[in-house]
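Mind looking at a prediction? Sequence and model below.
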Amino acid sequence: MSLDAIILIDEPGQVVIKKNPLGPTGNTVRENVLRYRTRMNLGYADLARRLEALGRPIPVLGLSRIERGERRVDVDDLLALAVALGVSPTSLLLPDTTDADETVTATGIDGSAADLLGWLRLFTPSAHIGKPADRRFVRDAIRFIADARPRWDIESLTLEELPGVGHLEYAAEITEKARQSGSTTDSA
């Protein structure tokens, strides 16, 4: 189902058109909430109780509206839904595909499912998504990893954990940038 615009009837005879309908990521989240809730055989009331217990209540009507694309999911809702459904927030953000090379669309991004997952896992810069290998630069990946990850995580990374990075000097560059960013924040 494509949700290019959402038309709501506010009062009898009055039609309200939402100015900012769900984008592709919002649509993916709503599809995944429905998919995981159905897979777990959870009714709306069951999921609403789980969310209430987490301190992030979304009533039954709100859950139904999320799945129909009539209610947005904010960041706090996304995390609470992930916990209540027993999945990672990444699982709710990633389109359901059967092939890593399948082309997917997220807000602002078109590329392979594998690249989108790499970006969500903090390995693939968004600038690399949808680009052929000869247009992907290791230095861009290094900068992304160094800027996107917390310093404590960067310092523990090994070359084997960095897809597409095969040069020792780049691993040293990541570590050095992490140390520099840490010393900047430590002195503040």
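Noted; the coordinates are in hand.

make it CA atoms for all contacts and neighbour counts henceforth
OK.

Let me know the average pLDDT across stretch 101-109.
Stretch 101-109 carries an average pLDDT of 95.

start to end distance for that stretch?
One end of stretch 101-109 sits 15 Å from the other (CA to CA, to the nearest Å).

Centroid-nearest residue for this protein?
Most central in the chain under CA atoms, centre = their mean is L93, positioned 3.9 Å from the mean C-alpha point.

what's the closest non-adjacent residue to it?
Leaving aside its sequence neighbours, L93 sits nearest to V29 (CA to CA, 6 or more residues apart in numbering; 5.5 Å).

which parts of the helix or strand where that neighbour lies are buried?
Assigned by DSSP states H and E, V29 belongs to helix 24-39. Across helix 24-39, burial judged by 16 or more other CA atoms under 10 Å covers 24-34, 36-37.

For the helix or strand following it, what is the distance to the chain centroid?
Next helix or strand after helix 24-39 toward the C-terminus (DSSP H and E): helix 44-53. On the basis of CA atoms, centre = their mean, to the nearest Å, helix 44-53 sits 22 Å off its chain's mean C-alpha point.

Any buried residues in helix 44-53, and which?
Those would be 44, 47-51, for helix 44-53 by 16+ other CA under 10 Å.

Show me where the protein has its helices.
Ranges of helices in the chain, per DSSP state H, are 24-39, 44-53, 60-68, 75-85, 89-93, 113-120, 138-148, 151-154, 168-186.

so can I have JSON lines of the buried residues of helix 44-53 showing distance to V138 and pLDDT?
Output for the buried residues of helix 44-53, formatted as JSON lines (distance: CA to CA, whole Å; pLDDT from 0 to 100):
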{"residue": "Y44", "distance to V138": "46", "pLDDT": "98"}
{"residue": "L47", "distance to V138": "43", "pLDDT": "98"}
{"residue": "A48", "distance to V138": "45", "pLDDT": "98"}
{"residue": "R49", "distance to V138": "46", "pLDDT": "98"}
{"residue": "R50", "distance to V138": "43", "pLDDT": "98"}
{"residue": "L51", "distance to V138": "42", "pLDDT": "98"}
